[in-house]
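Asks: just to be clear, the model below is a prediction. Sequence and coordinates:
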Amino acid sequence: MSSKSRYAPPRTPTQTITQATLNGLANLIKLLPTGTVFLYQFLNPVLTNNGHCDVVNKYLSSILTVVCAFSCCFASFTDSYTDSQGNTHYGIVTNKGLWPSSPSQDLSSYKLRLGDFVHAFFALIVFAVVALLDPNTVACLYPSFQSTQQALLMALPPAIGAASSVIFVTFPNDRHGIGYPSSQGSRTPSSDSD
């Protein structure tokens, strides 16, 4: 009988690269709130009348785009923690920590950081590319752009995606905002009663 070693075998270069790629992908997935993007993709064809708009459709589509863009940015400034009883609490990131906060918890480790603003900005850029270059949105809001700038419509999404990927690997996101449960290895607030 062979016994299993307690130590994991060393990783191969391929495993290391694969793990780094998957970690980067996980950061990208956390970047855009999937519920917001799903809501936009679901409602946009209805509100733009599949790209055949009148004035009301243009206003409704514009409102949807602004609300979803705000949601993407706002999500960058939310976080969660698990208390000593195992309950998950969500809050908005501030200069002093999370708000609202429990008086018995020290949430100063959740302070607002430069990376939060970087993530919010690039979340807005990525969502803008997804939303504003959607075929229904283009046909509804700026139909002349569709025929004259086809190369830009084809090249801009992958270029923005690649640039954003580099930024998100440079500024990894360890926030677990609304809709994303805290991981087991995430920061835990200290209790003042300890």
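Replies: Okay, I see it. Numbering: from 1, shown residues only.
Asks: hey, where'd the helices end up in the chain?
Replies: For the chain, the helices defined by DSSP state H occupy 13-31, 34-47, 55-75, 114-132, 135-141, 143-148, 150-170.
Asks: mean pLDDT for those helices: which is lowest?
Replies: Among the helices of the chain, helix 13-31 has the lowest mean pLDDT, at a mean of 60.
Asks: how is the protein carved up into domains?
Replies: Following automatic domain parsing, the chain resolves into domains at 19-77+126-175, 78-111.
Asks: what sits against the residue nearest to G177 when sequence neighbours are not counted?
Replies: Counting by C-beta to C-beta, 6 or more residues apart in numbering, T78 is the residue found nearest to G177 once chain neighbours are left out, at 3.7 Å. The C-beta positions use only the backbone N, C-alpha and C, and glycine is treated the same way. The neighbourhood of T78, defined by C-beta atoms under 8 Å, 6 or more residues apart in numbering, consists of 90-93, 175, 177-178.
Asks: any idea how far T78 is from H119?
Replies: 11 Å (C-beta to C-beta, to the nearest Å).
Asks: which neighbours do the two share?
Replies: Jointly contacting T78 and H119 under the rule C-beta under 8 Å, 6+ apart are R175.
Asks: how about the domains of the chain in a markdown table, adding distance to P13?
Replies: Formatted as a markdown table, these follow (distance: least, C-beta to C-beta, whole Å):
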| stretch | distance to P13 |
| --- | --- |
| domain 19-77+126-175 | 11 |
| domain 78-111 | 34 |
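Asks: re earlier: would you format the helices of the chain as CSV with distance to P103 included?
Replies: Below are those laid out as CSV (distance: least, C-beta to C-beta, whole Å):
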stretch, distance to P103
helix 13-31, 29
helix 34-47, 31
helix 55-75, 25
helix 114-132, 24
helix 135-141, 46
helix 143-148, 54
helix 150-170, 35
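Asks: make JSON lines from those and add mean neighbour count and distance to S104 to it.
Replies: Formatted as JSON lines, these follow (neighbours: other C-beta atoms under 10 Å; distance: least, C-beta to C-beta, whole Å):
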{"stretch": "helix 13-31", "mean neighbour count": "13", "distance to S104": "28"}
{"stretch": "helix 34-47", "mean neighbour count": "16", "distance to S104": "31"}
{"stretch": "helix 55-75", "mean neighbour count": "17", "distance to S104": "27"}
{"stretch": "helix 114-132", "mean neighbour count": "18", "distance to S104": "25"}
{"stretch": "helix 135-141", "mean neighbour count": "19", "distance to S104": "48"}
{"stretch": "helix 143-148", "mean neighbour count": "11", "distance to S104": "55"}
{"stretch": "helix 150-170", "mean neighbour count": "13", "distance to S104": "34"}
